[in-house]
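Asks: Pasting a predicted model and its sequence here:
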Amino acid sequence: MLCALLLTGCGKVDLSNEKQTSSSEVQIDSGSEEIDLTQEDVTQAVSEETNDLHENTTSLENQTNDDSQIKQETQESEKETVAKKYNLPEGFVYVDDVIPSAELEIRYYTDYNFVGEKIDGYIAPLAILTSEAANALKAAANRLAEDGYHIKIYDAYRPQKAVDCFVRWAQTDDASTKETFYPAMEKSILFQDGYISKKSRHSRGSTIDLTILDENDNEIDMGGYFDLLDTISNYDTNQITESQHNNRQYLRNIMDEAGFDSIRTEWWHFQLRNEPYPDTYFDFDIE
Ligand SMILES: C[C@@H](N)C(=O)N[C@H](C)C(=O)O
Ligand SMILES: [Zn+2]
């Protein structure tokens with residue numbers, strides 16, 4: 001990030017100075033030679049200056065292209081280089097090590113989630129799963145790739161301390177995220193109706209929240225977004241179009257074939273049927 005800012009910032013400052021110097025040179029040169037110049041001289045001088053300016057503009061355009069390329073490369077290398085501690089319990093893996101095409105948008109690492117704050121235990125924006133779940137997910141990702149799609153992961157293994165954080169949040173009066181994430185529900189109902197669990201399958205390491213992206217990284221239209229805790233996110237809702245229903249069903253079928261069950265309430269949530277740790281709620285940090 002720091003690298004991108006420096007490069008972009010330095011490039012822009014240098015370039016605008018260069019352009020200003022060129023324009024002021026035209027005025028000074030013309031002014032200082034005024035008495036001796038013929039019309040031809042002036043025409044030639046203006047023409048040369050115009051060429052210089054054209055060259056500078058071209059150089060600016062090239063530089064701008066270089067800048068955006070550097071920015072893009074920096075973003076890509078940032079994506080690849082989120083530092084991983086590789087201190088996972090045996091049997092756990094980083095999902096992007098198994099599925100390099102997977103995009104990660106780990107919402108509980110950010111404050112863009114229903115709590116409105118970064119959640120306990122999310123030290124890095126990474127997705128961790130048991131190797132069984134990651135391998136099953138890889139099969140699903142391979143199947144999606146046949147149709148030109150790849151996956152975007154919002155959450156995977158979730159430490160118990162993160163779930164405890166959700167529970168504490170539900171006991172407060174804070175409603176700052178209500179409009180976005182649970183517009184039609186009271187907090188207490190979210191647990192009662194199965195939208196959030198006090199003991200989550202995510203903490204057992206074989207459950208994932210995800211959606212599908214096309215080749216341009218656009219999300220497939222599922223008729224609602226991740227963690228919209230509302231009946232519209234239920235499979236049996238009548239508040240979405242047929243095509244949105246079909247998209248949810250398409251993802252569900254592929255995940256089902258790969259060994260994952262879905263839940264009625266949330267189209268983005270999938271849990272491995274034969275999970276290796278059905279009775280263990282892990283609490284190690286995501287880092
Ligand atoms: C909160 C939501 N993303 C989720 O994962 N809900 C399920 C039911 C859970 O808490 O396990
Ligand atoms: Zn989930």
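Replies: That came in fine, so what should we check first? All of these numbers come straight from a predicted model, not from anything done at the bench. Ligands and ions are numbered 1, 2, ... in the order given.

Asks: and the residue of the stretch 51-200 of the chain found nearest ligand 2, what does it touch?
Replies: Nearest residue of the stretch 51-200 of the chain to ligand 2 (C-beta to the ion) works out as Asp155 at 6.1 Å. Using the backbone N, CA and C atoms, a C-beta is placed for each residue, glycine as well. Going by C-beta atoms under 8 Å, 6 or more residues apart in numbering, Asp155 touches Ile106, Arg107, Tyr108, Ala127, His202, Ile208, Asp209.

Asks: Find the nearest non-adjacent residue to the fifth one, please.
Replies: Read that as His202. Leaving aside its sequence neighbours, His202 sits nearest to Arg158 (C-beta to C-beta, 6 or more residues apart in numbering; 3.6 Å).

Asks: shouldn't that neighbour be in contact with Ser200?
Replies: Yes: with contact defined as C-beta atoms under 8 Å, Arg158 reaches Ser200; the gap is 5.8 Å.

Asks: which residues do those two both contact?
Replies: Joint contacts of Arg158 and Ser200 (C-beta under 8 Å, 6+ apart) are Thr207.

Asks: of the two, who's got more company?
Replies: More crowded of Arg158 and Ser200, by other C-beta atoms under 10 Å: Arg158, with 27 against 19.

Asks: ok, and which of the contacts of Asp155 reach ligand 2?
Replies: Residues of these in contact with ligand 2 (C-beta under 5 Å from the ion): Asp209.

Asks: Can I take it that the residue nearest to His202 is in a helix?
Replies: No: with DSSP: H, G, I helix; E, B strand; the rest coil as the criterion, Arg158 is coil rather than part of a helix.

Asks: pLDDT at it, what is it?
Replies: Listed pLDDT for Arg158 reads 98.

Asks: do Ser188 as well
Replies: You'll see Ser188 listed with a pLDDT of 85.

Asks: Find the nearest non-adjacent residue to it, please.
Replies: The shortest distance from Ser188 to any non-neighbouring residue, by C-beta to C-beta, 6+ apart, is to Ala170 (6.8 Å).

Asks: Right, I'll call it a day here.
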